[in-house]
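[1] No letters, just coordinates:
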């Protein structure tokens, strides 16, 4: 018999969000712990996660929890391991058997792990903009660019569990920007938060054009958005450039899996038409005729703070 | 109860191959008809297909045939239609209800339609190089560049049935060659038979370098292969260039679906290491670390003349 509650755990580079979710998709209890707790000692971190879960489910009872779903960078569904996650000190250069360990520490409760973007895609399919869709692609625009691909209502894991690394397709072939992955020209080097900041820095250096962004340190997509709202031409140019990079890659993604929609999640996605318009235009210009005007481009319909917990928790049903 | 035989029909631009296949995957009877028969009259062509099938199954008996599987350019699995196939005069600018019509003309026998590259992928999975694999990508290098994508042991059809148009991902962003699809820079414009001929023409025009290919009309991949075997530098360069175009796109395909293998089918694939070496090198150079050295690159293991019939027929089980 399926029990009444599940637990969703979203492990990010900075914080780990943990929530108890009921069958209606309501988060009935939630909290946040520090992902850096324990530094490079994975067991200290995992103990902290388990203690927090035990505390959080006290009211509903651990015996009424169907399972735990976890989304984490480089989380592998097949092996249950977090493998060499650059942003998690306790998982750098190591393969951590996260699902198995947490299950054991919680008395054998089923634990399902996947990467964070996959978890977001599942959340969007169950509770968000892709509700009822069987074929869509989730693109997460955060510190990096992640993706979760849904085909026939199921996440694509591929042969090894690592499918859906669309931040590392090639956006620029010649003289592309170096990417954190070691390659150059990756989409992530242009459309991530870091990519947007690099674009801003480049544009500001290339001219003396006045801009509200001049003099700012560590420019975020929020800064660019605020400037764009005020009509700042350079800020609008940054969105246009970033959107076109995304749009032309999206056209290639469509040629692969013919999705009904591409759903955008994360900071950059909140810039609305400033970014959606250039994405849509460039995607349409690069689609073959059978798909022109047929692929929806949607913003996530989940609150950012809830999406990750809901997505991770949906894995546990 | 599943019956003893199926019929496979492979509709190409020039010829249509029809075969009767038993459960072991042996073609027990086969023949070829002209795809241009009837010119732009789809009913004349479909009548000819049905008459041929009836004749071919006489010995085994139509009542022992489980179904008919058809592979055709722009064949749609969901609708059973061939939609605006540029190379088939009777389907140009029209949607032809091929599956329904042929089923009716054959007394209601189940008919399954898909595109030709998808059919080849299914054939490879059941009888060829991808036997036993659950995740691979089939790339067909012929007049055009086609693809069939297998995820979790199933063909990817996408939202609309047209998924897997990997010949039309962008290989060259700036000043790319114009493609038959109306876009420019498509992989097909470089790695198809026509693409190889264009590369040869360009290279021959760019220098006075002696080559066995000079003076030849309509250079085919076979011509380039024959010259390469004799050590012709320009021919080797053509394979290198074409292989690198394919390899860098393949790295992006791997980032999407993390396949166990990419299987190459068609004329160009028969050039062996002349083409496989540059593909492999460029693919490896563009893969992120988790996949380096892990994705197999395989030639089709099916005889070209049989593959299409076997693939199409496998749809009918």
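    Received it, and whenever you're ready, just let me know what you need. Given the structure is predicted, the values throughout are model-derived calculations rather than measurements.
[2] just checking, residue A:279 touches residue A:248?
    No - with contact defined as CB atoms under 8 Å, residue A:279 does not reach residue A:248; the gap is 9.2 Å. Placement of C-beta: from N, CA and C, glycine included.
[3] Those two: who's more crowded?
    residue A:279 (28 against 19; other CB atoms under 10 Å in any protein chain shown).
[4] Spit out the contact partners of that one.
    A:243, A:244, A:246, A:247, A:250, A:264, A:297 (CB atoms under 8 Å, 6 or more residues apart in numbering or on different chains).
[5] Mind checking which of these land in strands?
    A:264, A:297 (DSSP state E).
[6] Export the contacts of residue A:279 as CSV, with columns for pLDDT.
    Shown next, in CSV, are the contacts of residue A:279 (pLDDT from 0 to 100):
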residue, pLDDT
A:243, 98
A:244, 98
A:246, 98
A:247, 98
A:250, 98
A:264, 97
A:297, 98
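[7] any idea how far residue A:276 lies from chain B?
    As judged by CB to the nearest CB, to the nearest Å, residue A:276 and chain B stand 20 Å apart.
[8] Excluding chain neighbours, what is closest to that residue?
    Closest residue in space to residue A:276, ignoring its immediate chain neighbours: residue A:297 at 6.1 Å, by CB to CB, 6 or more residues apart in numbering or on different chains.
[9] Tell me the spacing between the one you found and chain B.
    Residue A:297 is 14 Å from chain B, where distance means CB to the nearest CB.
[10] Count the residues that sit near that residue.
    Using other CB under 10 Å, the number of residues around residue A:297 comes to 18.
[11] show me what contacts it?
    Counting by CB under 8 Å, 6+ apart, the residues that residue A:297 touches are A:250, A:261, A:262, A:264, A:276, A:279, A:280, A:283.
[12] Out of those residues, which comes closest to chain B?
    Distance to chain B across the contacts of residue A:297 (CB to the nearest CB) is lowest for residue A:261, with 8.4 Å.
[13] State the pLDDT value of the closest one.
    With respect to pLDDT, residue A:261 has a value of 98.
[14] residue of the stretch 51-200 of chain A with the smallest distance to chain B?
    residue A:158 (2.6 Å).
[15] Give the helix, strand or coil label for that residue.
    coil (DSSP: H, G, I helix; E, B strand; the rest coil).
[16] What is the burial count for it?
    Quick note: residue A:158 (other CB under 10 Å) scores 25 neighbours.
[17] Can you give me the buried ones in stretch A:201-215?
    A:203, A:204, A:211, A:212, A:213 (16 or more other CB atoms under 10 Å in any protein chain shown).
[18] could those residues go into CSV alongside distance to chain B?
    Output for the buried residues of stretch A:201-215, formatted as CSV (distance: CB to the nearest CB, whole Å):
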residue, distance to chain B
A:203, 20
A:204, 25
A:211, 27
A:212, 31
A:213, 27
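[19] Farthest pair within the residues you listed?
    Farthest apart among these by CB to CB are A:203 and A:212. That separation is 12.7 Å.
[20] Tell me which residues touch residue A:269, please.
    Applying CB under 8 Å, 6+ apart, we find residue A:269 in contact with A:141, A:275, A:299, A:300.
[21] From residue A:140, how far off is it?
    Applying CB to CB, to the nearest Å, the value for residue A:269 to residue A:140 is 9 Å.
[22] ditto for residue A:60
    The value you get for residue A:60 to residue A:140, if CB to CB is used, is 29 Å.
[23] Of these two, which one has the most company?
    Neighbours around residue A:60 and residue A:140, counted as other CB under 10 Å, are more numerous at residue A:140. The numbers are 30 against 17.
[24] Just say helix, strand or coil for the more buried one.
    Relying on three-state DSSP, one would call residue A:140 strand.
[25] and it, what is it in contact with?
    Each residue near residue A:140 by CB under 8 Å, 6+ apart is listed here: A:116, A:117, A:120, A:146, A:147, A:148, A:265, A:266.
[26] hang on, the earlier thing: secondary structure added to the contacts of residue A:297, as TSV?
    Below are those laid out as TSV (three-state DSSP):
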residue	secondary structure
A:250	helix
A:261	strand
A:262	strand
A:264	strand
A:276	helix
A:279	helix
A:280	helix
A:283	helix
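[27] Just among those residues, which is most surrounded?
    Neighbour-wise, these (other CB under 10 Å) top out at residue A:279, 28 neighbours.
[28] From residue A:299, how far off is that residue?
    Residue A:279 sits 11 Å away from residue A:299, going by CB to CB.
[29] which residues do those two both contact?
    In terms of CB under 8 Å, 6+ apart, residue A:279 and residue A:299 are both contacted by the residues residue A:264.
[30] Where do the strands of the stretch 51-200 of chain A begin and end?
    Listed in chain order, the strands of the stretch 51-200 of chain A (DSSP state E, counting those that start in this stretch) span A:65-71, A:82-83, A:95-96, A:111-114, A:136-141, A:145-151, A:154-155.
[31] contacting residues for residue A:69?
    Contacts of residue A:69 by CB under 8 Å, 6+ apart are A:6-9, A:111-114, A:119, A:311-316.
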